[in-house]
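J.: test case, fold it:
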Amino acid sequence: MGVTKLAELIRSDAPGAVQHRDISDYAEKTIALDTSIVMNQFRAAAPPMSLLMGFFYRTLTFLEHGIKPVFVIDGSPPVEKMAVLERRAEVAGWTSPNRTGAASSQMKSCLQLLSHMGVPVIQAPGDAEALCARLVKDGTVDAVASEDMDTLPFGANVLLRGLNASRDSEVTEYSLTKLLEQLQLSHEELIDLCILLGCDYCDKIPGLGPKKALSLIQKHRSIENVVLHINRQTHPVPHFWKYKEARRIFSDVSQIPAPELAWTEPDEEALVDFLCRSKHSSRVERIRGRMQKYREMRKKRQEERDKDRAAGRTRQTRMEDFWRVTRKRAQPGAAANSSNSNDKRPKLT
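T.: Take a look at the predicted model:
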């Protein structure tokens, strides 16, 4: 789920934090991907696509565009998330959610495939989104690609939604810096806003919509102060509300160690052996044909980038510096100044 209606709130109240981009804009960028999100996309595809073939095609598309992908997998989920995972397991018809973070057989197969493709895979100690955010914050990667908005309260400076291998697909890019400026919030206040909107780690206050939650945080600057000023008859505060635990989970990203990353060339022979049950399989020709196209497209795009550099048309290295506005969005107005409040947080009673 991520954060309930956060994307909708950003579109209405902080449109300058959103830009629409093309996949080619991310050439020579390193991007962390939430692997479970990618798997769920392939499972939900119509018609359904094999997970392995989906990862194969999408990863090659990233590589031929000059993107350096890093796949991040979930570790053991926080205990605060178990209620949400139980509900999701029930909806999906599973007997129980994954409580240990151990990789499923499907996940192990995908990881083996990615190893043959030469891209790094790392396991987070907890939720993958948290480690993805840490990788962006410390400069190990340039952006996070995920459909879950909670990478923003985790502190990801740049979030990409819709980054896939589809032709003519448009990537939606969110800037955390611009978001905080436009909403006039500190990062700590954004975390409290996301808890009020509804997150995976605790209940929310019933009846509190996005607009109301934003106005309350902008005025009172913390959950504790908000609770002192709301009508508890219409907005009853949950009993034993674990908002502090949720706040801690979003805030403790700095404690996650950043790994070293390395990429190698895809191993075509290993990929053919792994993806094709038989050397005579009809899939062999498809795999080899796609690998040939990958090599040709990668070379062509690299030559184009080299030609642009030689002509002085080098793309700027900071992603925010070369954002472009598309027909879908008007030029945003000037961002409001950020306000970093140091309000004390009284205890809830």
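J.: now for this protein, the helix or strand with the poorest mean pLDDT.
T.: Every helix and strand of the chain was ranked by mean pLDDT, DSSP states H and E. The lowest is helix 82-92, at a mean of 71.
J.: beyond that one, next helix or strand please.
T.: Going down the chain from helix 82-92, the next helix or strand is helix 105-116, by DSSP states H and E.
J.: residues contacting that following helix, please?
T.: By Cβ atoms under 8 Å, 6 or more residues apart in numbering, the surrounding residues in contact with helix 105-116 are 35, 39, 51-52, 55-56, 59, 71, 73, 103, 121, 266-267, 270-271, 274-275. No exception for glycine: its C-beta is placed from N, CA and C like everyone else's.
J.: among those residues, name the buried ones.
T.: Among the contacts of helix 105-116, the ones that count as buried by 16 or more other Cβ atoms under 10 Å are 35, 39, 51-52, 55-56, 59, 71, 73, 103, 121, 266, 271, 274-275.
J.: among the contacts of helix 105-116, name the ones in helices.
T.: Those of the contacts of helix 105-116 mapping onto helices are 35, 39, 51-52, 55-56, 59, 270-271, 274-275, per DSSP state H.
J.: want to throw the residues you listed into a markdown table with distance to residue 164 and pLDDT?
T.: Converted to a markdown table, the ones in helices among the contacts of helix 105-116 look like this (distance: Cβ to Cβ, whole Å; pLDDT from 0 to 100):
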| residue | distance to residue 164 | pLDDT |
| --- | --- | --- |
| 35 | 14 | 94 |
| 39 | 13 | 90 |
| 51 | 14 | 89 |
| 52 | 16 | 92 |
| 55 | 12 | 95 |
| 56 | 14 | 95 |
| 59 | 11 | 96 |
| 270 | 25 | 96 |
| 271 | 20 | 96 |
| 274 | 22 | 93 |
| 275 | 20 | 92 |
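J.: from these, which two are the most distant?
T.: Farthest pair in the ones in helices among the contacts of helix 105-116 (Cβ to Cβ) is 39 and 270. Separation: 21.3 Å.
J.: looking at the ones in helices among the contacts of helix 105-116, which is nearest residue 194?
T.: Nearest to residue 194 among the ones in helices among the contacts of helix 105-116: residue 35, at 22.6 Å, using Cβ to Cβ.
J.: tell me the SS of residue 290?
T.: Applying DSSP: H, G, I helix; E, B strand; the rest coil to residue 290 yields a three-state assignment of helix.
J.: contacts only, for it.
T.: Contacts of residue 290 by Cβ under 8 Å, 6+ apart are 56-57, 60.
J.: so who does residue 166 touch?
T.: So residue 166 contacts nothing (Cβ under 8 Å, 6+ apart).
J.: tell me the secondary structure for it?
T.: Three-state call for residue 166 (three-state DSSP): coil.
J.: quick check: the nearest residue to residue 117 once chain neighbours are set aside vs residue 274, distance?
T.: Nearest non-adjacent residue to residue 117, counting by Cβ to Cβ, 6 or more residues apart in numbering: residue 266, 4.7 Å away. Relative to residue 274, residue 266 is positioned 11 Å away (Cβ to Cβ, to the nearest Å).
J.: same check on residue 54?
T.: Residue 54 is 14 Å from residue 274, by Cβ to Cβ.
J.: equivalent analysis for residue 139, please.
T.: The spacing between residue 139 and residue 274, counted by Cβ to Cβ, is 33 Å.
J.: residue contacts, the residue nearest to residue 117?
T.: Applying Cβ under 8 Å, 6+ apart, the residues near residue 266 are 60, 63, 116-118, 291, 294.
J.: and what of residue 163?
T.: 23, 26, 31, 33, 145, 171.
J.: ramachandran angles for the residue nearest to residue 117?
T.: The phi/psi pair for residue 266 (degrees, to the nearest 10) reads phi -60, psi 140.
J.: now the ones in helices among the contacts of helix 105-116 in JSON lines, with distance to residue 185?
T.: Below are those laid out as JSON lines (distance: Cβ to Cβ, whole Å):
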{"residue": "35", "distance to residue 185": "30"}
{"residue": "39", "distance to residue 185": "33"}
{"residue": "51", "distance to residue 185": "39"}
{"residue": "52", "distance to residue 185": "42"}
{"residue": "55", "distance to residue 185": "37"}
{"residue": "56", "distance to residue 185": "41"}
{"residue": "59", "distance to residue 185": "36"}
{"residue": "270", "distance to residue 185": "48"}
{"residue": "271", "distance to residue 185": "46"}
{"residue": "274", "distance to residue 185": "47"}
{"residue": "275", "distance to residue 185": "47"}
